[in-house]
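Enquirer: Sequence plus predicted model, see below.
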Amino acid sequence: VRNNKYRGHLIGSSHFKVEEFQPDTLKIENQLVDVVDKGWNTQEKITAKVTLNNLFDAPAQDRKVTAKVSIQPHRFSFIDYKKYKFTDTSFTKDNKPLSLNTSLDNKRTNADGIAEFDIDLADFREGTYLLKFTANGYNQAGGRSVIASSSTLISPLNTIVGYKVDGKLDYINAKQERSV
């Protein structure tokens, strides 16, 4: 309210809730099984293994675990090859890359506190992608959860070609040289 008469423009708003701190009662880890640490993965299926333990490392048995998978087009880059660019020639104007954001079927942990999720990659047989797997493990009451995520690069390609330039390629002056 401005000058006790007029309402000004609303800039924004926010809501928050203050609660007493409650420590986690579970520990969660997730692992993408049989994936490479450096490079990318070419298999048609990846298994995600979620391990849920109580705070004192006893397996959290028969607990609900939910999972989400996100697969998005991604331009590969590697720490060892920072100055190189890697492009994906699989996609054109007519052949757009796929993307996926989906929830997987809920699972329950077994006697060892483990739940496994199979991620089908059959639709992603062209191009280069980043797969992100996120899992939530719930306490016995079902309300509170802990979360873990992991990611990996995927592509059906066995090899990719990168290039390195000695300057910008968007504009090259006359009689100026560039090396690729």
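Expert: Thanks, I have it.

Enquirer: what residues are up against the spatially most central residue of the chain?
Expert: Among the residues of the chain, the one closest to the centroid is residue 132, at 2.2 Å (Cα atoms, centre = their mean). If you count contacts by Cβ atoms under 8 Å, 6 or more residues apart in numbering, residue 132 has them with 69, 70, 71, 72, 149, 150, 151. No exception for glycine: its C-beta is placed from N, CA and C like everyone else's.

Enquirer: Restrict those residues to the buried ones and give me that as a ChimeraX selection.
Expert: Of these, the buried ones can be selected in ChimeraX as follows, counting by 16 or more other Cβ atoms under 10 Å:
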select :69,70,71,150
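
Enquirer: Among the contacts of residue 132, find me the one that's closest to residue 80.
Expert: Of all these, residue 151 has the smallest distance to residue 80: 18.4 Å, by Cβ to Cβ.

Enquirer: The closest one: what's it in contact with?
Expert: 130, 131, 132, 133.

Enquirer: of all those residues, which comes closest to residue 82?
Expert: Of the contacts of residue 151, the one sitting nearest to residue 82 (Cβ to Cβ) turns out to be residue 130, at 17.9 Å.

Enquirer: which residue packs closest to the closest one, ignoring adjacent ones?
Expert: residue 74 (3.7 Å; Cβ to Cβ, 6 or more residues apart in numbering).

Enquirer: Please determine how far that neighbour is located from residue 84.
Expert: 15 Å (Cβ to Cβ, to the nearest Å).

Enquirer: Of those two, which one has the most company?
Expert: residue 74 (18 against 14; other Cβ atoms under 10 Å).

Enquirer: That one reaches residue 153, doesn't it?
Expert: Yes - the pair residue 74 and residue 153 qualifies as a contact (Cβ atoms under 8 Å) at a distance of 6.7 Å.

Enquirer: Find residues that contact each of the two.
Expert: With Cβ under 8 Å, 6+ apart as the test, residue 74 and residue 153 both reach 128, 129, 130.

Enquirer: contacting residues around the first one?
Expert: When contacts are counted by Cβ under 8 Å, 6+ apart, residue 128 touches 40, 73-76, 86, 88, 90, 153-155, 157, 160.

Enquirer: got any ranges where this protein has weak pLDDT?
Expert: 1-10, 142 (pLDDT under 70).

Enquirer: and residue 24, what helix or strand is that in?
Expert: Residue 24 is part of no helix or strand when elements are defined by DSSP states H and E.

Enquirer: Got phi/psi on it?
Expert: With angles defined as degrees, to the nearest 10, residue 24 sits at phi -60, psi 150.

Enquirer: Nothing else from me, thank you.
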